[in-house]
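> everything below, folded, please.
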Amino acid sequence: MKILKIIGWIALLILLIIQFIPTEKNNGEISSLDFFLNETSASSEVKTILKNTCFDCHSNVTQYPWYHSIAPVNFWINHHVEEGKEHLNLSKWSTFSSRKKEHKMEEFWQEIEDEHMPLDSYTWTHSKAKLSDAEIEMVITWAKEVEREYKYQQQR
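You can find the predicted model right below:
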C-alpha cells in the first residue's frame, strides 16, 4: 500500500512539472486560407463545413479548445495538428503544383467518403465536426469537381 502512495505522489509531481513545458501553437492568419478557398470556389456551406471539420488540423490556423492548456492533452493535440499538416496543409495551397492539387483533392474526398475524416477523436470534442450524410455528399461533390478542374488544367 505504501508503494502505491509513493507512485501516486510521483505521478502527481510529474503531472505538475509537465504543466510548465511550453508548447507551440498553430496560430496563423485566417487569410492564409483565402487562396485555397478562392481557387477552389468553395460555397459558403462548404466553407463552413471546412472551417468546422478541417482547418484546425489541416491549416496554419487552429482554434484551440480551453483544455489545450492542460498537459498532457496539449501534447496530444499538437501531435494531431502536426500530423494533419504533414498530410495536407491548406494554408500552403498556393505552393502546390496543379498535379499535387489534383492528387490532394482526390485524397481529400476519398478520406471523407471512406469515413476516415474527420477523425472520431476530433468529433468527440467538436460536435460541429460531425457531418450529416447531406454534408458529406456536398463536400465530396465539391472536392470531385475541384479535382476534375485540376485534371482539365493539366490536359491543356
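> read off the pLDDT value for the spatially most central residue of the chain.
Using C-alpha atoms, centre = their mean, the residue of the chain that lies closest to the mean C-alpha position is residue 57, 2.1 Å off. Residue 57 is assigned a predicted lDDT (pLDDT) of 93.
> sec struct for it, please.
Three-state secondary structure (criterion: DSSP: H, G, I helix; E, B strand; the rest coil) places residue 57 in coil.
> neighbours around the nearest residue to it once chain neighbours are set aside, how many?
Closest residue to residue 57 apart from its sequence neighbours, by C-beta to C-beta, 6 or more residues apart in numbering: residue 84 at 3.1 Å. (C-beta placed from N, C-alpha, C; glycine too.) Residues near residue 84, counting by other C-beta atoms under 10 Å, number 22.
> distance of residue 84 from residue 126?
Distance of residue 84 to residue 126, computed by C-beta to C-beta, to the nearest Å: 13 Å.
> what touches both of those two?
residue 56 (C-beta atoms under 8 Å, 6 or more residues apart in numbering).
> so residue 118, which of the three states?
coil.
> can you give me phi and psi for it?
The phi/psi pair for residue 118 (degrees, to the nearest 10) reads phi -70, psi 150.
> cross-check the contact I'm expecting between residue 73 and residue 67.
Yes - using C-beta atoms under 8 Å, residue 73 is in contact with residue 67, at 5.4 Å.
> and for residue 26, nearest residue in space, chain neighbours not counted?
Leaving out its chain neighbours, residue 26 is closest to residue 62 (C-beta to C-beta, 6+ apart), at 4.1 Å.
> so who does the one you found touch?
25-27, 55-56, 81 are the contacts of residue 62 under C-beta under 8 Å, 6+ apart.
> count of neighbours near residue 138?
Residues lying near residue 138 (other C-beta under 10 Å) number 16.
> residues contacting it?
Taking C-beta under 8 Å, 6+ apart, one finds 45-46, 49 in contact with residue 138.
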